[in-house]
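Engineer: whatever this is, show me its structure:
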Amino acid sequence: MKIAEMRAVVQTSERKTAPVTQRLAALLIGFFFSCGAAQAAAVATVPDAATITANVEKAAGQALATETQVTSFTANGLQGSEVYRVSGDDWRETTRHGPFEYATGEVNGQSWLQNENGETVLDGPAGGRPATDQAAPDPTTVNVQRISSPHDAFVLSALNVRGNGTKGYVDPLTWHIVRRDFVAATETTTCLYDDFRSTAGSVQAWHWTCRDGQPVDDEEYRIVSDDPGPVDPKTLAIPPSRRNLVQFPAGKTSVMLPVKLADDNKFIVRVNVGGRGLDFILDSGASGIALDESVVRQLGLTRYAPESNAENAGRYTSETAIVPQMRLGELTMHDVVVQTAPNLDEEVPGQYKTVGLLGFDFIGSMLLKLDYENQTVTGYSADSSFVPPVDAATSVLDVRLGDGTPKTNVTIAGALGDQFTVDTGGAEGVMLFDNFTRRHADLLVHPIPTDLGFSGVGGDFDVQTYTLPDVLLGNIHFRDIDAFAVTTKTAYADDDDDGTIGPAFLSLFDVYLDYGNSKIDLIPSAHTRRLMSEK
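Structural biologist: You can find the predicted model right below:
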């Protein structure tokens, strides 16, 4: 069985950023926030969506132009706190969750994130992307109904064709949103809001809970203080990395990693952990560094914050641990925050047995060159003056790193998907997820019989093979490419992911992973150039 698309846990889940969702009013169900007179509840007929929206917005009042808000919470069994600051369009949220700290924000249109290992990375270009660079949004249907149980409320839903999306429950007396349901293919997360208070005319809930049916994921939030006063611009500035996670040897700015290239074109990296030599997959599709849960137990590491994860091939429980030291040849990492996952032990007897993934936290700390033809990986430190070579055949992919994986645009037979992951640890060449296939079913009309089986973190999943007439990646066209469409409805079912570009494609190039500049350079290898010249 081939291992497909193993991913570490996304470190900042949508539920964990619920305070931002609440404050920004329109992040997920933007048309809900506002208010109206309490007497409107007496209306016998159900108002339309526009009327409800206007009343909810009136009830919420004017959003504060400047604000410092402190929230305490309990999530995944750990106490935590969030400090949210906003001034105009600039904002920053810093989260401390047990022994871990991470942050995210936006300044002058530039989004950024700082992960639990202290690395700061910019998320795409300042000001966002032009509309021409974005796929059409997933169509949704908006409905309104009145219910009496378990709440007396107007329910305003915005759902796609699969029934995924959001539902807002509006109290007909106060016009406050007292509940939100976030409906996904694998679960529904319900958040209940109460203790509404006004700060300088801006009204919001000061207490809420979120549940998704998995007890380890239970969360409770309470606002501790809300100050509408001026915010020091220095507190909103993009912070430098708290440390250099990957330490290069003194006097060196480039090193060769101890790697071997597997038959499926994945790079296997030898890592020393606790005196043990372990094999990891170099995986740009992983949002962090992951280690098999059995190895974490064997090393006797303390495990924190269990979380039920259903974002991959199947549901599993992940935890967070801190590894005192990891050595990769000449490179060293200390006090490394890792996520646990089951069944990362892909094995080829006599060659390797992988027990982990080296993803975003490792890759983002340097510039990496993946030379598939010569089967080498070279790391260049942030202090290096090295820049990738450029020639007429170079294709530069702009990538967004907001979820810890490099998302880029891919056009398939004229249909744009703007959420494809460049995935060095993935399966085959092109993998298509439901978010793309349900919107472009017309492209998938001639299935090819296949008996291939795939598995990923959380279990096995089914695929259907199709031939794509044209795939445009950067400025490179690929013709008549076989692609694998995931057909298991609960596997890789995130409504924000279109699919992956895997090592079967990437192995045609020298690949430069340059997260510091939000780009990936693809330079055809000598072998690929020879093939191109023969056509």
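
Engineer: CA atoms for contacts and neighbours, from now on please.
Structural biologist: OK.

Engineer: for residue 446, which non-adjacent residue is spatially closest?
Structural biologist: residue 466 (6.2 Å; Cα to Cα, 6 or more residues apart in numbering).

Engineer: how many neighbouring residues does the one you found have?
Structural biologist: Counted by other Cα atoms under 10 Å, the residues lying close to residue 466 total 20.

Engineer: quick check: beta-bridge partners of it?
Structural biologist: Counting by DSSP bridges, residue 466 is bridged to residue 447, residue 483.

Engineer: doesn't residue 442 make contact with it?
Structural biologist: No - using Cα atoms under 8 Å as the test, residue 466 is too far from residue 442 to be in contact (11.7 Å).

Engineer: where in the protein is pLDDT low?
Structural biologist: For the chain, the stretches flagged by pLDDT under 70 are 1-44, 532-535.

Engineer: all helices of it, in order?
Structural biologist: Taking DSSP state H as the criterion, the chain contains helices spanning 18-23, 49-60, 293-298, 360-363, 434-437, 503-506, 526-533.

Engineer: buried residues in stretch 299-315?
Structural biologist: Using 16 or more other Cα atoms under 10 Å as the test for burial, stretch 299-315 gives 303-315.

Engineer: quickly note the distance from residue 301 to residue 341.
Structural biologist: 14 Å (Cα to Cα, to the nearest Å).

Engineer: likewise for residue 388?
Structural biologist: 34 Å.

Engineer: comparing these two, which shows the higher neighbour count?
Structural biologist: Between residue 388 and residue 341, counting by other Cα under 10 Å, residue 341 is the more crowded of the two (27 against 18).

Engineer: who does the more buried one form a beta bridge with?
Structural biologist: residue 292.

Engineer: residue 476 too?
Structural biologist: Beta-bridge partners, per DSSP bridges, of residue 476: residue 473.

Engineer: count the neighbours of it for me.
Structural biologist: Neighbour tally, residue 476, other Cα under 10 Å: 12.

Engineer: just the strands in the stretch 401-535 of the chain please.
Structural biologist: Taking DSSP state E, counting those that start in this stretch to define them, one finds strands in the stretch 401-535 of the chain at 407-412, 415-422, 430-432, 447-448, 454-456, 459-461, 463-473, 476-486, 499-501, 509-514, 519-524.

Engineer: residue 118: which of those is closest?
Structural biologist: strand 509-514 (17.9 Å; Cα to Cα).

Engineer: packing partners of that closest one?
Structural biologist: Using 3 or more Cα pairs under 8 Å, 6 or more residues apart in numbering; DSSP states H and E as the contact test, the elements touching strand 509-514 are strand 367-371, strand 519-524.

Engineer: among the helices of the chain, show me which one is buried the most.
Structural biologist: Counting by mean count of other Cα atoms under 10 Å, helix 360-363 has the highest mean neighbour count of those, with a mean of 24.

Engineer: CA atoms only for that helix, dumped as CSV, please.
Structural biologist: Once non-C-alpha atoms are left out, helix 360-363 reads as follows in CSV (Å, rounded to 0.1, in the frame of the first residue of the first chain):
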residue,chain,number,x,y,z
PHE,A,360,6.6,23.4,8.0
ASP,A,361,8.6,24.2,11.2
PHE,A,362,11.8,22.6,9.7
ILE,A,363,11.4,23.6,6.1
